[in-house]
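Q: Need the 3D shape of this:
(chains A and B, ligands or ions: 1)
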Amino acid sequence: MMKLQKATSFALFAVLDLAAQPERPQSVIEIAERYGISAHHLAKVLRDLGRAGIVNSARGVGGGYRLVANPKRLTLLDIIQIFEPPGREPAGGNDPELATDAGRALRLVLDEIDEHVLATFRSITVSTMLKLMVRRPWSASLERSAPKAATGR
Amino acid sequence: MGGALQGPPMKLAATAEKSAALHIRQAVRADVPALIALDEEVTGLAKPKYWEEIFDRYGAPRRQPLFFLVAEQGGRIEGFIVGEVRAWEFGSPPCGWIFAIQVRPTTRLAGVATQLYNALCDAFRRTGVKKVRTMMARNNQLILSFFRSQGMMAGPFIELETTLE
Ligand SMILES: CC(C)(COP(=O)(O)OP(=O)(O)OC[C@H]1O[C@@H](n2cnc3c(N)ncnc32)[C@H](O)[C@@H]1OP(=O)(O)O)[C@@H](O)C(=O)NCCC(=O)NCCS
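A: Next up, the predicted model:
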């Protein structure tokens, strides 16, 4: 059910790639090719991250994007909120049907889910994500559920 | 020996590279006043009865071991962690359960909690359990980030509550 906007996922991929190799600036093309995504769209996303003070870029030889935020303190929520403003109401905003008992009960349930989502994104830093990528807990469960699918990973 | 803890004796690796003088050991009754003071410094609430009670529980015979570790540096307690092995709650096989961790505010971000956590996990491992769980306030971002940084993720249980009317 939970789905992130394309721009948000692109931003998370880019930040994770830059954080994984902090000493090496990377170009838009390079990151876009790694994920098979639109370089044009990624360029815009990186500009937004630059305006938010999370990355910066240098031109010329040895240039490219770098992470300037502290990966141990930068949370997934910090990045997500740039692209998905919290004002977006998942349950249809202020539609009149939501002012009914059924509407209010539904809102209570959706709010409960939102609370969990926010607490999760708020507590996971970029460094924690990098550790997760190194541990690869999914490969164990892949091997257990479908040994063939896991070969070569 | 009222303050003696149950459970296997702690054999802690020399995790001394980062902070040479930090020493992790089991808590003893003589630590109680310092623990009450540290807890008060962190939470703003003095709970002498609560801490006395935890130590009284150590004295009583228990089926499952309880672990109470402190991090000491220069004779001062800088942090602690408390956990126990819990068995068969809602059909879950025995697991390590962490129910408190605190580090003195002026000593934070120096890896003290990480050392306490690793020492407790070692102790849990020696009892043979395979999982470690904990529960904390959803809005306590600090402690949530800490446990996440140790690789913990949401487990298969959901906490529910109701107001009794
Ligand atoms: C959570 C707590 C135990 C961490 O203690 P600590 O000794 O500072 O922790 P460490 O130095 O071992 O930190 C380990 C990791 O936790 C995470 N972390 C710790 N403090 C953090 C903070 N302020 N912001 C974001 N992440 C943090 C980091 O990933 C850190 O790794 P890093 O230093 O490499 O970035 C301590 O802050 C504390 O006691 N907080 C209050 C706890 C509380 O509310 N207790 C009441 C319920 S029992």
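Q: From here on, just use CA atoms for contacts and neighbour counts.
A: Noted.
Q: all helices of chain B, in order?
A: Chain-ordered helices for chain B, with DSSP state H as the definition, fall at B:32-43, B:48-59, B:112-127, B:141-149.
Q: what's the most buried one of those?
A: Comparing those on average neighbours per residue, with mean count of other Cα atoms under 10 Å in any protein chain shown, the densest one is helix B:112-127 at a mean of 20.
Q: Now A:S123. Nearest residue, chain neighbours left out?
A: With Cα to Cα, 6 or more residues apart in numbering or on different chains as the measure, B:S145 is the residue that lies nearest to A:S123, at 4.5 Å, once sequence neighbours are left out.
Q: Can I get stretch B:36-46 in CSV? Just the C-alpha atoms.
A: Written as CSV, here are the backbone C-alpha positions of stretch B:36-46 (Å, rounded to 0.1, in the frame of the first residue of the first chain):
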residue,chain,number,x,y,z
ILE,B,36,18.6,6.3,41.0
ALA,B,37,20.5,9.5,40.5
LEU,B,38,21.4,8.8,36.9
ASP,B,39,17.8,7.8,36.1
GLU,B,40,16.6,11.1,37.7
GLU,B,41,19.2,13.0,35.7
VAL,B,42,17.9,11.5,32.5
THR,B,43,14.1,11.3,33.1
GLY,B,44,13.7,14.1,35.7
LEU,B,45,11.9,11.6,38.0
ALA,B,46,13.4,10.0,41.1
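Q: Same list, the helices of chain B, but as JSON lines with distance to A:S141 and mean pLDDT please.
A: Supplementary listing: the helices of chain B in JSON lines, determined by distance: least, Cα to Cα, whole Å; pLDDT from 0 to 100:
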{"stretch": "helix B:32-43", "distance to A:S141": "39", "mean pLDDT": "93"}
{"stretch": "helix B:48-59", "distance to A:S141": "39", "mean pLDDT": "83"}
{"stretch": "helix B:112-127", "distance to A:S141": "22", "mean pLDDT": "97"}
{"stretch": "helix B:141-149", "distance to A:S141": "20", "mean pLDDT": "97"}
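Q: Could you list the residues of chain A in contact with chain B?
A: With the criterion set to Cα under 8 Å from any Cα of the partner chain, chain A comes near chain B through A:H116, A:A119, A:R122, A:S123, A:I124, A:T125, A:S127, A:T128, A:K131, A:L132.
Q: Return the residues in contact with the first one.
A: For A:H116, the contact set (Cα atoms under 8 Å, 6 or more residues apart in numbering or on different chains) comprises B:R138.
Q: could I get the helices of chain B as a markdown table with distance to A:A69?
A: Listed next are those as a markdown table, based on distance: least, Cα to Cα, whole Å:
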| stretch | distance to A:A69 |
| --- | --- |
| helix B:32-43 | 28 |
| helix B:48-59 | 41 |
| helix B:112-127 | 23 |
| helix B:141-149 | 17 |
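Q: max-length helix in chain A?
A: Secondary structure of chain A per DSSP H: the longest helix is helix A:101-123.
Q: Show me what counts as buried in that helix.
A: Within helix A:101-123, the residues scored as buried using 16 or more other Cα atoms under 10 Å in any protein chain shown are A:R107, A:A119, A:T120, A:F121, A:R122, A:S123.
Q: ok, back up a step: might one say that the residue nearest to A:S123 is in contact with A:I124?
A: Yes - look at B:S145 against A:I124 with Cα atoms under 8 Å: they come within range, at 6.1 Å.
Q: Next, the angle helix B:32-43 makes with the helix or strand of chain B with the lowest mean pLDDT.
A: Of all the helices and strands that make up chain B, the one with the lowest confidence by mean pLDDT, DSSP states H and E is helix B:48-59; it has a mean of 83. Using axes from the mean of the first three to the mean of the last three Cα atoms, to 10 degrees, the interaxial angle of helix B:48-59 with respect to helix B:32-43 works out to 130 degrees.
Q: Model confidence score at A:S9, please.
A: For A:S9, the model assigns a pLDDT of 97.
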